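Student: Starting from these lines, generate the structure:
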Amino acid sequence: MAQEPIEPMVMNQKHQQQKSEVQTQMAYTRQAEACLIGLLAAAVSFCALQASGEQPYSIVAQSNETTAATGRLPLAKRIIASGLPILIPARAESMAVQSEPLKTAEASEATPFAPLPPEPLPVPPTVEVEQPADTMRQVLLKRVKVALAGMPRPVGSASPPAHFTAFEAALVEEPAVEEPAAAVETAVTLEDAPAYQTQHDADMLIETHGPSAEVPAWLEFDVRESRSIVKEGERVVMRIAVRNVGGAPAEGLTTRLFFAEGVEPIHAMGQAAVVSPGEVQFQTLDSLAPGSSVHLLVTAIGTHPGNVVYRGELQCRQLSGSLAREGSVTVSPRDPQ
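Tutor: Numbers count the residues shown, from 1 in each chain. Coordinates of the predicted model:
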């Protein structure tokens with residue numbers, strides 16, 4: 001009779017254990033289903049991007065073959081032909097130099113090398129200046145007398161005040177110390193110096209190191225597209241702004257705009273320009289006054305789907321390098337009819 005109530009408790013514990021195991025298995029199953037759904041979604045997205053035919057284009061990673069339809073050179077070659085610096089050929093040359101094997105002499109023998117011990121730093125010699133005791137005593141007496149000169153003394157009394165100590169009374173009774181002759185000569189020399197010499201030196205300092213009022217030409221260059229995404233066959237307008245924010249006129253300004261394959265320029269406004277396949281070169285501006293700006297427009301059309309990169313460059317005769325701005329325009333395929 002004592003074992004009968006234990007059996008329901010054991011059955012209840014087994015039932016709860018089985019229930020917890022089922023819940024754990026269900027949780028693992030849900031996690032596996034979520035991972036599988038994520039993988040399927042990524043695969044579908046990759047297939048959709050691959051089917052759309054979207055290909056990235058880069059300024060420096062262009063093909064060396066000319067396009068038969070347009071007859072234009074790759075973008076990197078056109079930038080080099082225009083006389084502008086580019087970093088990619090230099091990188092290729094450096095890689096080629098690094099890939100060459102090093103030539104070592106076969107008959108060279110390894111010689112033991114023992115590092116030399118570090119040489120101790122020379123200690124600067126100390127110079128001891130001997131000063132007579134009489135000079136130090138005179139300087140001390142002079143300082144004490146100067147300090148006591150401002151203290152009031154009773155009129156008609158030749159003896160020192162009562163509150164003076166014996167040491168202070170002895171200092172007061174000391175005879176006057178004569179100044180050195182060198183100090184007197186120096187004071188006379190400064191007093192007799194002409195007054196205009198200091199002003200003359202100041203004028204020479206201002207003329208030599210005076211501030212310059214002219215500020216060199218300082219340019220701001222900006223290139224922006226009107227639309228970042230266009231369809232194949234649609235137009236996009238490129239806005240170019242050149243500003244002189246310096247204090248001197250900027251001379252010899254030349255603006256160029258390059259396009260990778262996929263966008264072709266068709267028209268330029270704001271200044272006389274030469275429009276060629278994948279490139280627009282504006283006429284050189286003789287001078288741009290301080291505070292003035294120039295705004296240029298280039299109309300282009302999307303020809304091939306992909307992420308097409310463009311590059312704008314500004315050269316100034318007064319500057320050693322050139323200013324450059326880069327961007328991209330995404331050209332999507334046409335809608336199927």
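
Student: all contacts plus neighbour counts: C-alpha atoms, from now on.
Tutor: Will do.

Student: Check the contact between Ser228 and Tyr310; I expect there is one.
Tutor: No - between Ser228 and Tyr310 there is no contact under C-alpha atoms under 8 Å: 11.7 Å.

Student: Need the overlap of contacts for those two.
Tutor: 328-329 (C-alpha atoms under 8 Å, 6 or more residues apart in numbering).

Student: Among those two, which residue is more densely surrounded?
Tutor: Set Ser228 next to Tyr310 and count neighbours by other C-alpha atoms under 10 Å: Tyr310 wins out with 26 against 13.

Student: residues contacting that one?
Tutor: So Tyr310 contacts 59, 257-260, 326-329 (C-alpha under 8 Å, 6+ apart).

Student: what pairs with it across the strands?
Tutor: Beta-bridge partners recorded for Tyr310 (DSSP bridges): Phe259, Gly327.

Student: show me where pLDDT drops low in the stretch 1-150 of the chain?
Tutor: Along the stretch 1-150 of the chain, the model assigns pLDDT under 70 to residues 1-8, 10, 47-77, 80-134, 148-150.

Student: From Val245, how far off is Gln318?
Tutor: Applying C-alpha to C-alpha, to the nearest Å, the value for Gln318 to Val245 is 14 Å.

Student: and these two? which has more neighbours close in?
Tutor: Val245 (19 against 14).

Student: Looks like the more buried one contacts Leu288 (just checking).
Tutor: No - here Val245 does not reach Leu288: they are 10.2 Å apart, not a contact under C-alpha under 8 Å.

Student: In three-state terms, label Arg30 for me.
Tutor: With DSSP: H, G, I helix; E, B strand; the rest coil as the basis, Arg30 sits in helix.

Student: What's the local residue count around it?
Tutor: So Arg30, with other C-alpha under 10 Å, has 11 neighbours.

Student: From Gly38, how far off is it?
Tutor: 12 Å.

Student: And for Pro249?
Tutor: 60 Å.

Student: Between these two, which is the more surrounded one?
Tutor: Pro249 (20 against 12).

Student: What residue, apart from its backbone neighbours, is nearest that one spatially?
Tutor: Leaving aside its chain neighbours, Pro249 sits nearest to Ala289 (4.5 Å; criterion: C-alpha to C-alpha, 6 or more residues apart in numbering).

Student: what's the one you found in contact with, if anything?
Tutor: Counting by C-alpha under 8 Å, 6+ apart, Ala289 has contacts 244, 248-250.

Student: how about a cut-off of 10 Å?
Tutor: 217, 243-251 (C-alpha atoms under 10 Å, 6 or more residues apart in numbering).
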